[in-house]
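Colleague: Give me coordinates for this.
(chains A and B)
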Amino acid sequence: MDLEEAEEFKERCSQCAAVSWGLTDEGKYYCTSCHNVTERSQEVINTDLIPNTQIKTLNRGLKKKNNSEKGWDWYVCEGFQNILCQQAEALKNLGIGPELKNDVLHNFWKRYLQKSKQAYCKNPVYTTGRKPTVLEDNLSHSDWASEPELLSDVSCPPFLESGAESQSDIHARKPFPISKASQSETSVCSGSLDGVEYSQRKEKGIVKMTVPQTLAFCYLSLLWQREAITLSDLLRFVEEDHIPYINAFQHFPEQMKLYGRDRGIFGIESWPDYEDIYKKTIEVGTFLDLPRFPDITEDCYLHPNILCMKYLMEVNLPDEMHNLTCHVVKMTGMGEVDFLTFDPIAKMAKTVKYDVQAVAIIVVVLKLLFLLDDNLEWSLSNLAEKHNEKNKKDKPWFDFRKWYQIMKKAFDEKKQKWEEARAKYLWKSEKPLYYSFVDKPVAYKKREMVVNLQKQFSTLVDSTATAGKKSPSSFQFNWTEEDTDRTCFHGHSLQGVLKEKGQSLLTKNSLYWLSTQKFCRCYCTHVTTYEESNYSLSYQFILNLFSFLLRIKTSLLHEEVSLVEKKLFEKKYSVTKKKSRSKKARRH
Amino acid sequence: MSDFSEELKGPVTDDEVETSVLTGAGMHFPWLQTYVETVAIGGKRKKDFAQTTSACLSFIQEALLKHQWQQAAEYMYSYFQTLEDSDSYKRQAAPEIIWKLGSEILFYHPKSNMETFNTFADRMKNIGVMNYLKISLQHALYLLHHGMLKDAKRNLSEAETWRHGENTSSRGILINLIQAYKGLLQYYTWSKKKMELSKLDKDDYAYNAVAQDVFNHSWKTSANISALIKIPGVWDPFVKSYVEMLEFYGDRDGAQEVLTNYAYDEKFPSNPNAHIYLYNFLKRQKAPRSKMISVLKILYQIVPSHKLMLEFHTLLRKSEKEEHRKLGLEVLFGVLDFAGCTKNITAWKYLAKYLKKTLMGNHLAWVQDEWNSRKNWWPNFHFSYFWAKSDWKEDTALACEKAFVAGLLLGKGCRYFRYILKQDHQILGKKIKRMKRSVKKYSIVNPRLSY
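Modeller: I've put the predicted structure just below:
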């Protein structure tokens, strides 16, 4: 706090009438005799220094500096807000439009604070730990407590006051009495004001914020904006460290100290799990009571037709297969707007796992073409091979065996690299988390020790081996015509597996087997089980390949395949449930 | 790299429940561990941190196995974070694992040098107090390996005087070990000086100075070693050098006491070397035969194929007691039961002679006692046609001895005997004839009875 700079401010303090002003960290004036903080602030010359002031300034007026050791008084929700802000910034750097951060995510977050009664409401949860003196002069702004018109209101005024409302109700009921004094006596403590209480809080009907939840917020915003990022992409970017998640807390402002219970809240030792975040997304969407999301139409990236194209390219399958995937999408009705659009307030809120579904459609098409029974695909490959040898000038027929050999190699290499990279992942932050002040020196000493040891061993490591992290890409494989060892199959034709009949094309293969004969009707969460050994090796390979691409469990993809089949062969399911192989040749 | 069960037993944890099963009575069940782990985290899946670090560990082990030091160092870089594991049990086990793997890498890595190793060792010593002594000791051994005796000694001295917290029993043993290693180093210098001394003439002017030095060294060393060798364990090099020094200064009783204690104290693990040392000592002291026999008797029970058994046999043979003489036969048969001794010509020679002597002394029962358990397999094991041919080709003397034994035990119809008999050898001709006669006379197989 710089007293010199505060000299030009000569007004009397509204609390104690003294003229003795200091500057807070935010550049606001505060009274040095009664610690009243004014709304007047020093002129900020460079606003760029504070990106996205809208989110950041929430609750700003409340931060008081106790002493440098203890840091600011801050609330857990501010921590999450900071993480969201970092994530939004990272998404912007990935090329997502700034509206996502400024409008969508910001509004979702405000709505969350309101719904969870943490701000923008009459009886906020936070009532203690703040001095009423701070805000008495701000009472005039407290009409903000009336529900702000979220979502429709794009140009929100700066939320300097937003945190203030919660103070204005200091005399109201205290649903969660927090006693700071009693905390310091016990061994349980936290750097944030409400960390201890937060970790114990369990209230029905309120979705509690967690670090994985921040990703649900990000995904919801991406979905709202219909951005070209799927959930699996998002999570992969997290894993590749393009989006702050693990140790996001280390970028908190210096004065936001974390220890004790904060460790359990902000310390993360696992990567996000697809199903978990997917579930959380629906949960948050429902909790926020969001209206129907913008329509997913055929020109959206998340539409199965486009995603299928993308994944066909990714796994080096012929472009011609796209006609078939489109056909399946049409037959199953999975391309329809109502099916695809997320509507949290609908009776059964559910959203589509766009990426998993698209991949499942490709698997179904592969099954239609090649049966994947460890037999037919190879005999079709023999035909293709012979044909290609004879007709070297023509567009080559797609040879499943060759494709398998190339993909298997590429996949194994990729997976090996991925496993190695995971094993080398550095989890620990530069800022160690500790339980209490007693542990602090120990934690810091440990950290120093690790850093020293790492420094020593880094001299033994080949410097070329540790190349910087790769730039984010939605593609993990790259297939080009030029690469001679790795044949690109995009231009290959499916002539060998289709036959003409009149005006339409039929698959040569007229057989089909269902991934799941009977769906589980009980109340367990999964409708199918995937026992690897029961399935053909080609099917296993394809599931492994795709589930690796999406970083999901194979069983999840298997389930999705079964669900697509259920839609595709609806009649077969209702008529002959027990028939193991449904014969179906389809027209094109 | 084997498993790390040792580490898993070792550390005392400040976390209560989850690990109590493992720190138990020194038993380790890997399956139980994983089971306990899943119980501790309430059936939830393992955290990715735990998964990746354990994957990292196996990558390091694999790299070490393939001697890919560079890769191992790369993974090691990441593995250091286990020192900060939030699971306190794993955190406490980490230093020792890291020390073991890290020192292995630094030992072989081409870019590593003495300095890097020393820095690493010093760092690891100071992570927690659990491993200070162990690492100091291993560090000293590393220095020894590189011929840096002085540094090793300094290291051991430092460790010796290190004090931290309460003294546990395991630490006591470590301190003793450290002191004993120090003693061993002192012994080494002493022994070098002694060599110098032996090269010098008594009238040499330097003789007295060196002699003085040799004497000064001894008492320190003995104090350092004697504490360790009282604790049950296998301390062969320490005992050996300690005894050598005691003997040098004429303290025979002391030496004998040490050796007797080392060999006979029941708390010590069974150790053939202890008996060998004692026997050799007694032999040097020209101790009475009965005493030496009793020492070797124990060795015979532990290692019946030991080369000292032939000496044992000669001792027994000379003994007046009938029981000893019977044992003498048993010992010879015992030696030849082992595949490694089948071509030991002395053993066969002894057996041939002794068999004849025994049979001449009308102790057919002794021979039959031994033979009964062997007649099923010795013919094929020793006396096959194949062996006759190859023995004769390689070593005719051996073949003759064996043939004689075969003849005595199996009768003159036996293949081995017949094959050797058929060989027309000019020099051995006489001997073979004599043998034939003896076989006819003494063979335990009586042809007249079999018809």
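
Colleague: where does the stretch 301-450 of chain A dip in pLDDT?
Modeller: Residues of the stretch 301-450 of chain A meeting the criterion pLDDT under 70: A:349.

Colleague: Enumerate the residues of chain A near chain B.
Modeller: Listed as neighbours of chain B in chain A under the rule CB under 8 Å from any CB of the partner chain: A:267, A:269-271, A:419-420, A:422-428, A:432, A:443, A:446-447, A:449-450, A:452-454, A:456-462, A:465-466. In this view, the C-beta of every residue, glycine as well, is placed from N, C-alpha and C.

Colleague: From these, which land in helices?
Modeller: The helices, defined by DSSP state H, take in A:419-420, A:422-423, A:443, A:446-447, A:449-450, A:452-454, A:456-458 from the residues of chain A next to chain B.

Colleague: Report the contact partners of residue 368.
Modeller: Answering for chain A, as no chain was given. Residue A:368 makes contact with A:324, A:328, A:507, A:509, A:512, A:586 under the criterion CB atoms under 8 Å, 6 or more residues apart in numbering or on different chains.

Colleague: that's the other chain; I wanted chain B
Modeller: residue B:444.

Colleague: tell me which element it falls in.
Modeller: Following DSSP states H and E, one finds residue B:368 within helix B:364-372.

Colleague: That helix: what's the following helix or strand?
Modeller: As the chain continues past helix B:364-372, the following element, by DSSP H and E, is helix B:378-381.

Colleague: What is the following helix or strand past that following helix packed up against?
Modeller: Of the helices and strands lying after helix B:378-381 in sequence (DSSP H and E), the nearest is helix B:385-394. Counting contacts by 3 or more CB pairs under 8 Å, 6 or more residues apart in numbering or on different chains; DSSP states H and E, helix B:385-394 is packed against helix B:396-410, helix B:415-422.

Colleague: Identify, out of those helices, the most deeply packed stretch.
Modeller: A comparison of these by mean neighbour count, using mean count of other CB atoms under 10 Å in any protein chain shown, puts helix B:396-410 on top with a mean of 24.

Colleague: Now residue 263: which helix or strand?
Modeller: I'll assume chain A. helix A:261-266.

Colleague: Chain B, not that one
Modeller: Assigned by DSSP H and E, residue B:263 falls in helix B:252-264.

Colleague: For that helix, C-alpha coordinates in CSV please.
Modeller: What follows is helix B:252-264, C-alpha atoms only, in CSV (Å, rounded to 0.1, in the frame of the first residue of the first chain):
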residue,chain,number,x,y,z
ARG,B,252,45.0,-67.2,20.2
ASP,B,253,42.5,-67.7,22.9
GLY,B,254,40.7,-64.6,21.7
ALA,B,255,40.7,-65.7,18.2
GLN,B,256,39.5,-69.2,19.1
GLU,B,257,36.7,-67.7,21.2
VAL,B,258,35.6,-65.5,18.3
LEU,B,259,35.6,-68.4,15.9
THR,B,260,33.9,-70.8,18.2
ASN,B,261,31.2,-68.3,19.0
TYR,B,262,30.7,-67.5,15.3
ALA,B,263,30.4,-71.2,14.5
TYR,B,264,28.5,-72.6,17.5
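
Colleague: avg pLDDT for that helix?
Modeller: Across helix B:252-264, pLDDT averages out at 88.

Colleague: Of the contacts of residue A:368, just say which sits nearest to chain B.
Modeller: Nearest to chain B among these is residue A:328, at 33.8 Å by CB to the nearest CB.

Colleague: where do the helices sit along the stretch 451-588 of chain A?
Modeller: Assigned by DSSP state H, counting those that start in this stretch, the stretch 451-588 of chain A shows helices spanning A:537-550, A:554-568, A:570-575.

Colleague: want to throw those helices into CSV with mean pLDDT and mean neighbour count?
Modeller: As requested, these are exported to CSV (pLDDT from 0 to 100; neighbours: other CB atoms under 10 Å in any protein chain shown):
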stretch, mean pLDDT, mean neighbour count
helix A:537-550, 94, 20
helix A:554-568, 90, 22
helix A:570-575, 66, 13
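
Colleague: picking up where we left off before, which of the residues of chain A next to chain B are buried? Put it as a ChimeraX command.
Modeller: The ChimeraX command for the buried members of the residues of chain A next to chain B (criterion: 16 or more other CB atoms under 10 Å in any protein chain shown) is given here:
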select /A:267,269,270,271,420,422,423,424,425,427,428,432,443,446,447,449,450,453,454,456,457,460,461
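
Colleague: Give me the buried stretch members for the helix holding residue A:263, please.
Modeller: A:261, A:262, A:263, A:265, A:266.

Colleague: Show me what the host helix or strand of residue A:198 is packed up against.
Modeller: Taking DSSP H and E as the criterion, residue A:198 maps to helix A:195-200. Packing partners of helix A:195-200 (3+ CB pairs under 8 Å, 6+ apart): helix A:261-266.

Colleague: which residues sit against the helix it packs on?
Modeller: A:76, A:79, A:83, A:188-192, A:195-196, A:198-199, A:210-211, A:248-249, A:258, A:433-435.

Colleague: from the contacts of residue A:368, which two are the most distant?
Modeller: Using CB to CB, the two most remote members of the contacts of residue A:368 are A:328 and A:509, lying 15.1 Å apart.

Colleague: neighbour count winner among these two?
Modeller: Per other CB atoms under 10 Å in any protein chain shown, whichever of residue A:328 and residue A:509 has more neighbours is residue A:328, with 24 against 19.

Colleague: and the more buried one, what helix or strand is that in?
Modeller: helix A:321-332.

Colleague: what angle separates that helix from helix A:554-568?
Modeller: Taking axes from the mean of the first three to the mean of the last three CA atoms, to 10 degrees, helix A:321-332 and helix A:554-568 form an angle of 60 degrees between their directions.
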